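> sequence and predicted structure are below.
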Amino acid sequence: MNVNWFDFELPEHLIAQTPLLDRTASRLLALNKQTGELTHNTFTDLEQYVGEGDVLVLNDTRVIPARLTGIKSDTGAKVELLLLKQLEGDSWDALGKPAKRLKIGTALSFGDDGNGNPLLRAVIEAEGEMGGRTVRFEYEGIFQELLDRLGEMPLPPYIKERLEERERYQTVYSKHAGSAAAPTAGLHFTDEFLKRLQAKGVKLAYVTLHVGLGTFRPMSVDLVEDHDMHAEYYELDEHNATIINEAKLSGARIIAVGTTSSRTLETLAARFGDGPLEACNGWTSIFIFPGYTFKLVNALLTNFHLPKSTLVMLVSALAGRDAVMRAYEEAIANEYRFFSFGDAMFIY
């Protein structure tokens, strides 16, 4: 299957650069995956498409301010690290920029304590592919507090505007810190709207998947089947496993909020087969593209994604490639906003 099969032309002005003031004010394009029917809505119209017994599965990961700007300790040259995954102790997987300057043994400094000393030091321990680096930090105090002070939110490269309010790149239900990017389908929800859905009898369940490296890396192969998916850490607790199990047994719809929730649910389905889900954690590198049969996910709320991305392929696996490409054409013609701060799509 050729990657170009999932390509499309996107006018640059449709890439949303800033979030809307009201999270729920975005538009919603609904796609019936059985009939192919498309309906234009506002996001709060989602209430018309869900009902009693349906379970919304949300990813409660929290984005860390993982973009650090500092200097090489020996030359003072400016460098940047994007933290991706914590390893043992104070070592992290990161993306370095400019990577050619970040050789093994290079010492880095971040911030100033007011006395000319850095707040945070780092040493490059290993080099990986495409700018990947293993970095070990040295500091006094609490690392997360220093990161909150020194770091910036790691917005995707297609967003050029500075984000004035950090919390707008977090879902209102974010809980477990560890992501390098937000699960953006959830950015449309407010606490009030979630309560409205619950009042209709919609149930909420939470999984955690820390969004990592693959979010920032384009596909570099010609054939979809040749792509190696990055691994991301996930967790499910007993309470939320019970909610999902009850929905599965009763025949209620399991609605994934975002591709990250979808990948987590389908990973769990593969892990436990026909049996009930159990509290667990692990790493998933599941890659979902057309030809895949969904085992838990019945419907999906998602944003509009990059051309030729694994996310477009996942959506196409659920609704069919032709239907998805037609929906994207419709969205572009009607000037929907695309990507992280853009509008939403509901596939049911």
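Sure, I can see it. Not measured: the values here are computed from a predicted model.

> quick check: end-to-end length of stretch 15-30?
Taking Cα to Cα, to the nearest Å, the span from the opening residue of stretch 15-30 to its closing residue is 20 Å.

> let me know the average pLDDT across it.
Taken as a whole, stretch 15-30 has a mean pLDDT of 97.

> for G282, which non-adjacent residue is closest in space?
Leaving aside its chain neighbours, G282 sits nearest to Y234 (6.3 Å; criterion: Cβ to Cβ, 6 or more residues apart in numbering). In short, each C-beta sits where N, CA and C put it, glycine included.

> tell me the SS of that neighbour?
Taken by DSSP: H, G, I helix; E, B strand; the rest coil, the conformation at Y234 corresponds to strand.

> which residues does it form beta bridges with?
According to DSSP bridges, the partner residues bridging Y234 are L209, G282.

> H210 versus that one, what's the distance?
Here Y234 is placed at a distance of 8 Å from H210 (Cβ to Cβ, to the nearest Å).

> residues contacting the residue most central in space within the chain?
For the chain, P183 is the residue whose C-alpha lies nearest the centre (Cα atoms, centre = their mean; 3.4 Å). Each residue near P183 by Cβ atoms under 8 Å, 6 or more residues apart in numbering is listed here: L58, N59, T61, T171, L209, V211, V257, G258, T260, S261.

> how about C280?
Contacts of C280 were listed using Cβ under 8 Å, 6+ apart, and they are E235, L236, L268, R271.

> go on, P118?
Shown in contact with P118 (Cβ under 8 Å, 6+ apart): G70, S73, S109, F110, G111, D112.

> now the buried members of those residues.
Taking 16 or more other Cβ atoms under 10 Å as the criterion, what is buried in the contacts of P118 is G70, S109, F110, G111.

> so the last one touches L146, yeah?
Yes. Applying Cβ atoms under 8 Å as the test, G111 and L146 come out as touching, 7.4 Å apart.

> ok, back up a step: quick one: the residue nearest to G282 from F289, how far?
19 Å.

> over to A99?
Shown here: A99 relative to F289, a distance of 29 Å by Cβ to Cβ.

> do T260 as well
Using Cβ to Cβ, we find T260 at a distance of 16 Å from F289.

> between the two, which is the more surrounded one?
T260 (30 against 20; other Cβ atoms under 10 Å).

> ok, and for the helix or strand that that one is a member of, which residues are buried?
Per DSSP states H and E, T260 falls inside helix 259-272. Buried residues in helix 259-272, defined by neighbour count with 16+ other Cβ under 10 Å: T259, T260, S261, S262, R263, T264, L265, E266, T267, L268, A269, F272.

> per-residue confidence at the fifth one?
In the prediction, the pLDDT value recorded for R263 is 98.

> just checking, it touches L314?
Yes. At 7.4 Å, R263 counts as touching L314 under the criterion of Cβ under 8 Å.

> where do the contact lists of these two overlap?
Taking Cβ under 8 Å, 6+ apart as the criterion, R263 and L314 both touch I288.

> contacting residues around D112?
With contacts defined as Cβ under 8 Å, 6+ apart, the neighbours of D112 are P118, L119.
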